[in-house]
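Enquirer: Structure here, sequence nowhere to be found:
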């Protein structure tokens, strides 16, 4: 498992080995260097908003928007950002995008905004966003930075939705509550008793562990 | 990245912050009205729901506002805001806000009573910060539905509902609590009773507008 403290350096190392093909940059974030299950970044929100698939989808979309915006802006400004205050600058840019998303949700999808609560605002603290800005956008051109953002964002989305699906089905008996009507589509039979653990935080940890296990079995990664 | 010296760093960072702040302010100003409206409509939906007004919850904002203005009158009686489900044949129901401390933070809800001021028509908790899956379940339909038809008066004749241990509710003013959410339920019981008393007092008190001249 990679410690998140050394991940930024690792990411730069790894990208130096790839020939700078943009496709690889985008794809790497989705699978080979999936931020959550390879780099163990951004878990907190992954656990909090995966109770319902619709929450996971909207949260992922919000994160992708933020990381795209911040990667592109940071990359555009990379020759001008003063080294000494670069973290402050990065956080300022990231916060701006996060607040924009939060305000947009409150204006155009109020129910979802209530559902996600403080977690949209907490995207600022999500290591993936800062990690990509610091670890990639600062040294690369805008277009590869955008692709890197999309790749990592999709990797995050993949894990979130993969955790949310069993959590919602076993925890509430339905799926897509919030997107397909308030209650979603009933999947389990009427006699099914909701599994409480799936609804609570431990259920998220368990599902993350199970998912990591399955994915690592399919595609064993080298431990570094 | 350049290392151009402290003055540059300060100026750049300050300018960037200013630009971002201006951008966000403009954004917020443009969206503020929509957001306020969303909050108002949400409140209306809660009031309409607890009063059991017949309306389509999936309808658009205008339809909900129309349903609200047509059916609900809200007035301040004492410290409480009382919502009356008015109709041609007189008030169909009354609703008032209930709020107080749950386990972690304030819980906000609405309690609706029948015109007899004894039977509960419905309960809703629309804002709370209780433990998800445990205390948080007070917002669930399964919990709030229990209150419908219950009396706010106990067997002793004094007003007050009771939230008992799960499975133990028997009297007309008792409902089952939630397993693992004892403290939340205790808080909810307290806050509901506090506001039930305030409501009963407010309804007994003479109206500020007198129908008959003094």
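Expert: Arrived safely. Everything numeric in this text was worked out from a predicted model, so none of it was measured.
Enquirer: contacts and neighbour counts: CA atoms only from here.
Expert: Noted.
Enquirer: wouldn't residue B:195 be in contact with residue B:98 here?
Expert: Yes - using C-alpha atoms under 8 Å, residue B:195 is in contact with residue B:98, at 5.7 Å.
Enquirer: Tell me which of those two has more neighbours.
Expert: Set side by side, residue B:195 and residue B:98 show more neighbours around residue B:98, with 23 against 20, by other C-alpha atoms under 10 Å in any protein chain shown.
Enquirer: Would you quantify the distance from residue A:59 to residue B:36?
Expert: The spacing between residue A:59 and residue B:36, counted by C-alpha to C-alpha, to the nearest Å, is 23 Å.
Enquirer: In terms of neighbours, single out the busier of these two.
Expert: Counted by other C-alpha under 10 Å, residue A:59 and residue B:36 do not tie: residue A:59 has more neighbours, with 26 against 13.
Enquirer: Residue A:49 is in contact with that one, correct?
Expert: Yes - using C-alpha under 8 Å, residue A:59 makes contact with residue A:49 at a distance of 7.4 Å.
Enquirer: Spit out the residues that contact these two alike.
Expert: residue A:116 (C-alpha atoms under 8 Å, 6 or more residues apart in numbering or on different chains).
Enquirer: how about the strands in chain A?
Expert: Remark: strands assigned in chain A by DSSP state E are A:174-175, A:185-186.
Enquirer: JSON lines for these, including mean neighbour count?
Expert: Compiled in JSON lines, those are given as follows (neighbours: other C-alpha atoms under 10 Å in any protein chain shown):
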{"stretch": "strand A:174-175", "mean neighbour count": "23"}
{"stretch": "strand A:185-186", "mean neighbour count": "14"}
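Enquirer: Worst mean pLDDT among the ones you listed?
Expert: Sorting the strands of chain A by mean pLDDT places strand A:185-186 lowest, at a mean of 82.
Enquirer: That one pairs with which strands, parallel or anti?
Expert: strand A:174-175 (antiparallel) (DSSP bridges).
Enquirer: Can you list phi and psi of the residue of chain A most remote from its centre for me?
Expert: The C-alpha centroid of chain A is most remote from residue A:191, which lies 34.8 Å away (C-alpha atoms, centre = their mean). Main-chain dihedrals, residue A:191, degrees, to the nearest 10: phi -70, psi -10.
Enquirer: quick one: is stretch A:190-210 near chain B?
Expert: Yes - using C-alpha under 8 Å from any C-alpha of the partner chain, stretch A:190-210 reaches chain B at A:196, A:199-200.
Enquirer: tell me how far that stretch is from the chain's mean position?
Expert: 21 Å (C-alpha atoms, centre = their mean, to the nearest Å).
Enquirer: Residues contacting it, please?
Expert: So stretch A:190-210 is contacted by A:47-48, A:50-51, A:163, A:166-168, A:170-173, B:132-133 (C-alpha under 8 Å, 6+ apart).
Enquirer: filter those residues to the buried ones?
Expert: The neighbour-count test (16 or more other C-alpha atoms under 10 Å in any protein chain shown) marks A:47-48, A:50-51, A:163, A:166-168, A:170-173, B:133 as buried among the contacts of stretch A:190-210.
Enquirer: Redo the residues you listed as TSV? Include distance to residue A:179 and pLDDT.
Expert: Output for the buried ones among the contacts of stretch A:190-210, formatted as TSV (distance: C-alpha to C-alpha, whole Å; pLDDT from 0 to 100):
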residue	distance to residue A:179	pLDDT
A:47	20	80
A:48	18	81
A:50	14	89
A:51	14	86
A:163	17	91
A:166	17	92
A:167	16	92
A:168	13	91
A:170	18	90
A:171	17	86
A:172	15	83
A:173	15	84
B:133	21	73
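Enquirer: So which of those belong to helices?
Expert: A:47-48, A:163, A:166-168, A:170-172 (DSSP state H).
Enquirer: Which parts of chain B are helices?
Expert: Going by DSSP H, chain B shows helices at B:6-51, B:61-71, B:141-144, B:182-204.
Enquirer: separation between residue A:194 and chain B?
Expert: Per C-alpha to the nearest C-alpha, to the nearest Å, residue A:194 is found 11 Å from chain B.
Enquirer: residues from chain A in reach of chain B?
Expert: So chain A meets chain B at A:78-85, A:88-89, A:92-93, A:96, A:99-100, A:103-104, A:106-108, A:110, A:138, A:196, A:199-200 (C-alpha under 8 Å from any C-alpha).
Enquirer: from these, which ones fall inside helices?
Expert: A:88-89, A:92-93, A:96, A:99-100, A:103-104, A:106-108, A:110, A:196, A:199.
Enquirer: By neighbour count, which of those residues wins?
Expert: residue A:199 (24 neighbours).
Enquirer: so how far is residue A:164 from it?
Expert: Applying C-alpha to C-alpha, the value for residue A:199 to residue A:164 is 10 Å.
Enquirer: Next up, the contacts around residue A:112.
Expert: A:55, A:105, A:178 are the contacts of residue A:112 under C-alpha under 8 Å, 6+ apart.
Enquirer: wait, which of those is closest to chain B?
Expert: Distances from chain B to the contacts of residue A:112, taken as C-alpha to the nearest C-alpha, are shortest for residue A:105 (9.1 Å).
Enquirer: Let me know whether that closest one touches residue A:115 as I believe.
Expert: No - taking contacts as C-alpha under 8 Å, residue A:105 lies outside contact range of residue A:115: 10.7 Å.
Enquirer: Between these two, which is the more surrounded one?
Expert: Shown here are residue A:105 and residue A:115; by other C-alpha under 10 Å, residue A:105 has more neighbours (20 against 14).
Enquirer: measure the residue nearest to the more buried one when sequence neighbours are not counted to chain B for me?
Expert: With sequence-adjacent residues excluded and distances taken as C-alpha to C-alpha, 6 or more residues apart in numbering or on different chains, residue A:105 is closest to residue A:113, at 5.6 Å. Using C-alpha to the nearest C-alpha, one gets 11 Å for the distance from residue A:113 to chain B.
Enquirer: for residue A:61, same thing?
Expert: Distance from residue A:61 to chain B, by C-alpha to the nearest C-alpha: 20 Å.
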